[in-house]
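1. following is a predicted model, sequence given first.
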Amino acid sequence: MKRSTFIKSSFILGTGISLIGCLNEENTTGPIDNNWNAGDLAHILPTLNHQRMLISTSFRRVVNQPILKVGNRSFEGQMRDSKGFFWAFDCPELEAETEYELQLFEANVALCDSWPLKTFPKPSSDPEHLRLMIYSCAGGHPKVQDMLPVPDKEKESPDHFARKRIELLHRGISLNPDALIIIGDTVYWDLNGNGKKRLGTMQDPRAIDLAGKFDESLPILGTENEEVLKRVVSPQIIDLYGTACRSTPIFIFNDDHDYFENDEANDAIVTFPPKAFQLALGRAVQQLYFPEFLPDENRPLDLPGSGAADRVEGSSEAFGTLRYGKLAELLMYDCRRFVDLNGTKAVFVPEAAENWLIKRSQSQDIKHCIHVPSTPYGWSAGKWLEWYPDILGQDGVLHDDLPKYMWKRGWQNQHNRILSAMHEAKFRKPVTISGDLHTFASGRIYRNGDMDFESNPIHAFIAGALGCTVFPSTFRKIKASTPNAIYMEEDFENVEENGFSIVDIDSRNIKVDMYKYLWSRDDLDEIAELAPFQKLST
C-alpha cells in the first residue's frame, strides 16, 4: 500500500474518536515505517541534548508505572495527567553522539516496538553538518475547519485538513532532519478572542458541543477541565504527530494561541499578558503533550519560566537552546508569556532573557548563532502584539504614525537592542528564523530605524505554517509586509501557503529550502514528492 493511501485509510478509521475520550483509539497518523508496531502508544515527542533525553508520551489506555529502557539503563515514567494516560521520561547521564535503542515496558511487557534515538554531539565537538525542519502554526482542530467564518472557497473539510498536516509532516521527516523546531501555535482554541462569540471561544455553542466548556474557577488537572482540555488538544497534537517523531528530537515553544487567546487589544478585551487561567492552560498542554527545554550550560537556570517544581530538574518552559557542537546554537524564545505593558520600558521577554540572548549573540565559541523568536523580526501584519507600531491604514498599507491601541514603544526598543547585538557580531552572519504570520518570507535587514546594518545585515526568514487554513490577508486585509522602520531587501514576495522549511547548516553557510502546498489548488498525493519552491542561502 502506498504511504499516502495508508495514511488516508488510517485517518478515516480514527477520525473523531479522540473527541469522545482522552485519546484516539486508532493511530491516525501511522508511523513513518508502516511495519513499526505502536501497540498501546498513542504519541511520542522526544527532545534531547548531548547527554540527556526528555520524552513525552501518551497511551490509548491507562498505564501503570511504565518503564523506558535506553540501551541497558531503565528510567521510570513520571505521570503527567491525573489518570495515567500521559507520561514523561527524563533520561540523564547519556553518552554524546550515541544512538540508543529505546523500549517502553509495563510490568516487563513491551508496550510497543523498540526504536532508535541518537544524542547530539558534545558542545566542544566540531560536527560538519546539521539539518533542521522548521515550521509554525501546526495547530487546528479538524472538526472546526468547516465551521470557520471564512469564504467557502477557503474552507477545508476536517478529513482534508488533518491529512494535509500529516502528509506535510511526513514529507519533512522523510528528508531526514536531525531535529524539528516548532514555533508556536500548536493549539488553536481561543477562550475569548476579540470579545465576540466566534467559533473556538468557550462561549460558542458549537465549541461547547465539540469539547465541553472550561470552568475558570477550577484547576486544570483532576477536574472536568482536564477532560475538556484533552478533547480540545488531542486531535491537534496526538492525531498529527502520533509516533512519527519517535527518532527525531523536537523543540516546541509557545506563541499566543498556545495560551488560548489571539493577541487582541481593544475596548472590549486585552488578551496579554496571559491571565492566570490562560497560563494554566498553556502550561498544562506542555505538561501533558510535549517536553520542556533541557538545560544548557550557557543559559541561566533561573530565567523566568524555569525550574518549576512540577517540571523536570533544570528545564525551561519558555526559553530554549539547540546546541549542536561548535557548529550551531539556536536560541528559541517565547515572546508572549512574559510580555508587559510598561510603556517605553515594556518588553516581550524579561530582562534576564534579553541579557542571555545578547550574550550568546556575541559569543565566539560557536560558528552560527540563530535566533528563533515566536514573533518575527522584519515583518508586520499590523497586529497589536508585534515588535512594530505599524497598523493598516485606509489606503491599504502599513503606517507607523497612526495610533495603535495599547501598543508599547518598549517592545520596539527591546527589538532594537537584540538586533543591534546580532549585527555587532561581525565575525558571523546574523540569522533569525520565525513563524507566527502564516507565510513564507526571506530577506536581509539593512536598516532598522536610524541604525545602519549594511556592514553585517540581518538574514531573516519566516519558515512557513504547517497547518493553518486562515492567512493574515483573510481578516487583516494585508499580507505580511515590511514595517516602516525596517529597510529590507526581500528575496521574493512572501507567500501565504502551507508548508515548512528545511535548514542545512555547515561551517560556511546556512541554506534554507522552503516547501509549500496550497490545499485549494494542489493534490494531496503530490505532497509525498514535494520539492522546494525557494532555495535560499545566507
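-> All right, it came through fine. Because the structure is a prediction, the values reported are computed rather than measured.
2. low-confidence stretches in the protein?
-> 1-33, 149-150, 153-154, 193-202, 472, 475 (pLDDT under 70).
3. show me where it has helices.
-> 3-14, 158-173, 205-211, 224-241, 276-289, 351-361, 409-424, 472-476 (DSSP state H).
4. okay, those helices in a markdown table with mean neighbour count and distance to residue 436 next?
-> To be clear about C-beta, it is placed using only N, CA and C from the backbone, and glycine gets the same treatment. Shown next, in a markdown table, are the helices of the chain (neighbours: other CB atoms under 10 Å; distance: least, CB to CB, whole Å):
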| stretch | mean neighbour count | distance to residue 436 |
| --- | --- | --- |
| helix 3-14 | 17 | 28 |
| helix 158-173 | 22 | 17 |
| helix 205-211 | 16 | 23 |
| helix 224-241 | 23 | 17 |
| helix 276-289 | 21 | 16 |
| helix 351-361 | 18 | 18 |
| helix 409-424 | 19 | 14 |
| helix 472-476 | 16 | 10 |
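5. residues in contact with residue 259?
-> If you count contacts by CB atoms under 8 Å, 6 or more residues apart in numbering, residue 259 has them with 272, 274, 278, 279, 281, 282, 336, 337.
6. circling back: with residue 40 as the reference, name the closest of the helices of the chain.
-> helix 224-241 (13.1 Å; CB to CB).
7. adding distance to residue 46, write the helices of the chain out as a markdown table.
-> As requested, the helices of the chain are arranged in a markdown table below (distance: least, CB to CB, whole Å):
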| stretch | distance to residue 46 |
| --- | --- |
| helix 3-14 | 22 |
| helix 158-173 | 13 |
| helix 205-211 | 28 |
| helix 224-241 | 11 |
| helix 276-289 | 13 |
| helix 351-361 | 24 |
| helix 409-424 | 30 |
| helix 472-476 | 33 |
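8. tell me which of the ones you listed lies nearest to residue 261.
-> Judging the helices of the chain by CB to CB, what sits closest to residue 261 is helix 276-289, at 5.9 Å.
9. restricting to C-alpha, output that closest one in PDB.
-> Extracted in PDB, the C-alpha atoms of helix 276-289 (Å, rounded to 0.1, in the frame of the first residue of the first chain):
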ATOM      1  CA  ALA A 276      -3.900  33.100  35.300                       C
ATOM      2  CA  PHE A 277      -6.300  30.600  33.700                       C
ATOM      3  CA  GLN A 278      -4.700  31.200  30.200                       C
ATOM      4  CA  LEU A 279      -1.300  30.500  31.700                       C
ATOM      5  CA  ALA A 280      -2.500  27.400  33.500                       C
ATOM      6  CA  LEU A 281      -3.900  26.000  30.200                       C
ATOM      7  CA  GLY A 282      -0.700  26.700  28.300                       C
ATOM      8  CA  ARG A 283       1.400  25.100  31.000                       C
ATOM      9  CA  ALA A 284      -1.000  22.100  31.200                       C
ATOM     10  CA  VAL A 285      -0.700  21.400  27.400                       C
ATOM     11  CA  GLN A 286       3.100  21.400  27.600                       C
ATOM     12  CA  GLN A 287       3.000  19.300  30.700                       C
ATOM     13  CA  LEU A 288       0.900  16.600  29.000                       C
ATOM     14  CA  TYR A 289       1.800  16.700  25.400                       C
END
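10. other SSEs contacting that helix?
-> strand 53-59, helix 224-241 (3 or more CB pairs under 8 Å, 6 or more residues apart in numbering; DSSP states H and E).
11. can you do 7 Å?
-> helix 224-241 (3 or more CB pairs under 7 Å, 6 or more residues apart in numbering; DSSP states H and E).
12. how far off centre is the helix it packs on?
-> A distance of 16 Å separates the C-alpha centroid of helix 224-241 from that of its chain, computed with CA atoms, centre = their mean, to the nearest Å.
13. got a list of contacts for that helix?
-> 18-19, 22-24, 28-29, 42-43, 45, 58, 81-82, 138-142, 162, 165-166, 169, 186-187, 189, 211-215, 218-220, 281, 284-285, 289 (CB atoms under 7 Å, 6 or more residues apart in numbering).
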